[in-house]
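Trainee: Next comes the sequence, and after it the predicted model I'd like to discuss.
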Amino acid sequence: MIPIYRAPSPIQRDAPRRLALLGSTGSIGTQTLEIVKLFPERISVHALAAGSNWELLAEQALAFQPQVVCIAEEARYASLKDALATTSIRVVSGREGLCEIASAEEADVVVAAIVGAAGLRPTLAAVESGKMIALANKETLVVAGSLVERLAREYGSMLIPVDSEHSAIFQCLVGEDSDSVESVTLTASGGPFRQRSVETFDAITRAEALNHPNWSMGAKITIDSATMMNKGLEVIEARWLFGLTPEEINVIVHPQSIIHSFVTFSDGSAKAQLGVPDMKVPIQYALTFPDRWPAPHDRIDWNTLRSLNFEKPDFHRFPCLRLAFEALKQGGSAPAVLNAANEVAVALFLADQIGFTDIPRLIEEAMSSVPSSDGTDLDSLLAADESARQAVRTSVSELVT
């Protein structure tokens, strides 16, 4: 299998990069715009898109003057339109608007940073337009990896990972023969509950789960890190990005988050990518690939770095990671069910409607109750997604009543 990252690059490396940024108001989106500020003559913004935060989107539009902006939540369209009435910026909305921006001929690079399954259709639109895609929406490959791989081959699109772990693997593989790869290992910080007694997990609060020790991320991804579902989704994503089998993907807990991931080769050697925990570094690499542009990001202080520690992940402590491996091995629509059930469960936890340990329980129930399919077409995957969401909602409503 030829992994997605081996597809030919559709971009001219010396030309200015014109971005279409999907998810501009989120953590990845705002940091992407910080990168744009560093290179105003080499990167420009053609389009911006956000979910519901029209106020911040309007501020970004006034600052970066894109040709078009999109607000996914159509009820916010009028407010955004009014805020930009004195400009020539065109305003669109809804899923059609997102797909229009993702496939815009004027954009060289599409940054896919919409959180969750909502980013699937716009990312597919970018793939079908043969774009170079800086992929920060891992759910696209979790839900529809086989479909995305087929379309990327067909349309000559290239996916460059933005996640720090996948970017690390990608960087380690540049210049290497993919046939020489023996395995990849994704590192995980272990989140805020790496050493907390499992017996107390029922009492974990929303505030505690949102207090990540190393990374600053959005709420959903931070909760996924606390449950280690984030790492499980990354395992599934790695399978499609790099053409691997489940047995070739490992996870190891690395509390310092200095080694972002590593690759072991058939001759016994290993390559790792190291850096301080700063998402702007992998974001910039995805935007500037195959080049590295000088930037003032923080460097590792080797004089103060005293140790790098590693631990085997505990599936009893973090059952979400076990469930992700099970979904990957099952294949078909199982990863879509896993992802959808997790999205609903995390939203319910953030709304203080369920407990922390209810998250894996509800996911496992959905995986057991939702019929699986081969997942070869988008309609069947979206049907599995909706069935899983409904299964979680039903389980919770039955508990309440």
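Mentor: Happy to help now that I have it. Numbers count the residues shown, from 1 in each chain.
Trainee: For stretch 224-238, could you pull out the residues that count as buried?
Mentor: For stretch 224-238, burial by neighbour count (16 or more other CB atoms under 10 Å) applies to 224-238. (C-beta placed from N, C-alpha, C; glycine too.)
Trainee: what are the ranges of the helices in the stretch 251-400 of the chain?
Mentor: 280-288, 319-330, 334-350, 358-369, 378-400 (DSSP state H, counting those that start in this stretch).
Trainee: Quick check: which of those is nearest to Val115?
Mentor: helix 334-350 (8.9 Å; CB to CB).
Trainee: Tell me the helices and strands packed up against the closest one.
Mentor: helix 139-155, helix 206-209, helix 219-227, helix 229-241, helix 319-330, helix 358-369, helix 378-400 (3 or more CB pairs under 8 Å, 6 or more residues apart in numbering; DSSP states H and E).
Trainee: Identify, out of these, the most deeply packed stretch.
Mentor: helix 229-241 (a mean of 27; mean count of other CB atoms under 10 Å).
Trainee: That one versus helix 334-350: what angle between them?
Mentor: Put simply, helix 229-241 runs at 160 degrees to helix 334-350, going by axes from the mean of the first three to the mean of the last three CA atoms, to 10 degrees.
Trainee: ok now helix 229-241, how far from the chain's centre?
Mentor: With CA atoms, centre = their mean, to the nearest Å as the basis, helix 229-241 stands 9 Å off its chain's centre.
Trainee: got the angle between that helix and helix 319-330?
Mentor: 20 degrees.
Trainee: Could you check the angle helix 229-241 makes with helix 139-155?
Mentor: Using the same axes, to 10 degrees: helix 229-241 against helix 139-155 is 10 degrees.
Trainee: Below-threshold pLDDT in the chain: ranges please.
Mentor: 1-13, 214-216, 399-401 (pLDDT under 70).
Trainee: Specify the stretch among the helices and strands packed on helix 334-350 that is closest to Met279.
Mentor: helix 219-227 (10.5 Å).
Trainee: what residues does the closest one touch?
Mentor: 27, 115-116, 189, 191-193, 204, 209-210, 212, 215, 217, 230-231, 233, 318, 320, 342-343, 346-347, 349-350, 356, 359-360 (CB atoms under 8 Å, 6 or more residues apart in numbering).
Trainee: switch the cut-off to 6 Å
Mentor: Val115, Gly191, Pro192, Ala209, Leu210, His212, Asn230, Cys320, Val346, Leu350, Ile359 (CB atoms under 6 Å, 6 or more residues apart in numbering).
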